[in-house]
Structure formats: C-alpha cells, structure tokens
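Peer 1: make a model of this:
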Amino acid sequence: MSRLGASARSGTPRGARAGRTRAGAVPGRRVGATAVALWLLAGAGLGLTGAAAQTSGTAPPAPRELPAEPPTFTPSEETPEQFPPGEGRDDTFASCTGCHNFKLVAAQGMSRRQWEGSLDWMVRRHGMPELSGAERERVLSYLEGAFPPRAPAAQRGWQNPFLR
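Peer 2: This is a model prediction of the structure:
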C-alpha cells in the first residue's frame, strides 16, 4: 500500500476536506465552549466587582458645582497703532480683522501680485466683501509696503509664520 494520505488517494486537493463541518453545524460559527465560558466568567466577575464597590461604604463623589456665570471670552485687543504706520493702515486693519487676527496678516510677506491673489481668493472662497476700486488700492498699497516679501531663511527650509 502507498504512503499517500487519504486526500491524495481520493484525488481531493489537500485542505479541501478541512473546511467540512459536522452535520447540523453552521459554517463560520465555530465558537468553542471554552470561549463562551470565559465570556460568562468575565461578565460575572464584573458584576461582582460592581456590587462590592457599592457595598464598600465609600460614598460616590459629590456632583461638581458649576459657576453661576460662565467665564466670558475676552479677545486680545489689537489696534491699528500696533502695526507699521502708512496710508491705508486703518482701512486694511478694518478689512482684515472682520474675519481673522491682524497678526496673521502681519506674519505674511507677499508681493503685490500675491496680496491681490489672496484678496481674490478670500472673496471667492470665504465670502469676504469685495473691496471697491479706491479702497482696494489703498489696502493693497499698504500691504505691499508694510509686509513685503521676505528673503527665505538661509538653509532652514520652510518657516511656520505662526511661530515667529
């Protein structure tokens, strides 16, 4: 007689017989009795722990007292005088601080073309009110003069403008 296994002798590919189940068994539902017993024991242990904690004599923590009035938010006060003087500073400050902190603007260093693109993007993307011809010219002139492009930091790569 040859030394081949039963699956080799019957022509069934090796491993094909391993997937068969007992009569009445549901495929994919092979949970052992040991696993079920462990789950039941763990649940019973948790129940006993909770009961022991309730009878240990320690009182539950007192509810936290909330203040009568919630603290009020006070934003840091920025004024146009904190930024470089120049014609259009007040208009620029008023136009920018309606949506964000002016320090965000001051941290940028861009050319006039970049400032124009930034204004157009804010109008298009964020619904900023479009500036009129003369007002737009004053704002762009101030931004171009007060916050011009900066030379890149030598050999330091990209610099986060918020960490300056």
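Peer 1: so which bits of stretch 117-134 are buried?
Peer 2: Within stretch 117-134, the residues that qualify as buried are 119, 122, 128, 131, counting by 16 or more other CB atoms under 10 Å. C-beta coordinates here come from the backbone N, C-alpha and C atoms, glycine included.
Peer 1: in a markdown table: these, plus pLDDT and distance to residue 111.
Peer 2: Listed next are these as a markdown table, based on pLDDT from 0 to 100; distance: CB to CB, whole Å:
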| residue | pLDDT | distance to residue 111 |
| --- | --- | --- |
| 119 | 94 | 13 |
| 122 | 93 | 17 |
| 128 | 92 | 20 |
| 131 | 93 | 18 |
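Peer 1: and the helix or strand containing residue 136, what does it pack onto?
Peer 2: Using DSSP states H and E, residue 136 sits within helix 133-146. Contacting helix 133-146 under the criterion 3 or more CB pairs under 8 Å, 6 or more residues apart in numbering; DSSP states H and E are the following elements: helix 89-96, helix 112-126.
Peer 1: leaving out the residues flanking it, which one is nearest to residue 96?
Peer 2: residue 105 (5.0 Å; CB to CB, 6 or more residues apart in numbering).
Peer 1: next one: the one you found from residue 58, what distance?
Peer 2: From residue 105 over to residue 58 the distance is 57 Å, taken as CB to CB, to the nearest Å.
Peer 1: likewise for residue 149?
Peer 2: For residue 149, the distance to residue 58 - CB to CB - is 66 Å.
Peer 1: repeat for residue 77
Peer 2: 49 Å.
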